[in-house]
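Chemist: show me how the following folds:
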Amino acid sequence: MLVQTKALVLHTLKYNDNSLIAHCYTKALGKQSFLLKGILSSKKGKIRKAHFQPLSLLDIHFQHKNKGGLNFIKELKVDPPYQSIYTAIEKNTIALFLAEVLYKSLQQEDADPLLFEYLENALLWLDTHDEIANFHLLFLVKLTQFLGFYPFVEQEDSPYFSLMSGCFTSSPPNEKFIDGPPAQHLKELLGTNFASSSLPKLNQHSRRELLEALVYYYELHLHGFSSPKSLPILHQIFA
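Modeler: Okay, the predicted model is just below:
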């Protein structure tokens, strides 16, 4: 079956001496894997390694194998090309981190067009704005809506947030929780979207504390999820 769809590059892996396997999240068919034969040795081919940078947005035509396995891309174009994500070091570091998070999080081949639209719109926002130090925090919080463990807000005025149950409580829960500034900043993010005039202001310590709590929250709620290897680099860039 020939498929045309938008796709988001999540991860690439070298295969043999001159090929790559690219894992992408597609709008039409969810997570798909592609064999890019000879791409590392081809200098004039229409499909190039540069097209498969982390979180690159593509428009692709490919032959889909209904029984799974590796697909083959027939045509592609970058749509749209980013203006700043790969040239600004802070944005590029965020892109590397979020690509790793998404690769670990999006395991199913089921299509979710609303999730794809969220990812696309969020990345285009990142590409066109400058105040992005806390972008990845809001991105992770909003992503949980699609992954099935968005924080419960019925008791949002309560000071404790249980990372296990995903809800705010009036007294310290028995399991792992956050309180104080991290819990307050989480509440602020729950009431924010990318269309807001600005993201909540967090200092270096608060940003790091909340980010580590969110990564642990993902670990608790996603089977097989582990802390991204790029996390220390992200901490360093925003130190």
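
Chemist: per-domain residue ranges of the chain.
Modeler: With domains defined by automatic domain parsing, the chain comprises 2-78, 89-237.

Chemist: okay, those domains in CSV with mean neighbour count and mean pLDDT next?
Modeler: Where C-beta positions appear, they are placed from N, C-alpha and C, glycine not excepted. Shown next, in CSV, are the domains of the chain (neighbours: other C-beta atoms under 10 Å; pLDDT from 0 to 100):
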stretch, mean neighbour count, mean pLDDT
domain 2-78, 16, 92
domain 89-237, 16, 92
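
Chemist: helix or strand for Val3, which one?
Modeler: strand 2-15 (DSSP states H and E).

Chemist: what lines up beside that strand in the sheet?
Modeler: Here strand 2-15 has these sheet partners by DSSP bridges: strand 19-26 (antiparallel), strand 57-63 (antiparallel).

Chemist: the strands in this structure, which residues?
Modeler: Shown for the chain, the strands assigned by DSSP state E span residues 2-15, 19-26, 30-36, 57-63, 72-78, 160-162, 167-169, 177-178.

Chemist: quick one: those as a markdown table, columns for distance to Tyr218 too.
Modeler: Shown next, in a markdown table, are these (distance: least, C-beta to C-beta, whole Å):
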| stretch | distance to Tyr218 |
| --- | --- |
| strand 2-15 | 15 |
| strand 19-26 | 17 |
| strand 30-36 | 17 |
| strand 57-63 | 23 |
| strand 72-78 | 29 |
| strand 160-162 | 14 |
| strand 167-169 | 16 |
| strand 177-178 | 14 |
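
Chemist: between the ones you listed, which one is nearest to Gln236?
Modeler: strand 2-15 (21.8 Å; C-beta to C-beta).

Chemist: now the closest one and strand 72-78, what's the angle there?
Modeler: Here the directions of strand 2-15 and strand 72-78 differ by 100 degrees (axes from the mean of the first three to the mean of the last three C-alpha atoms, to 10 degrees).
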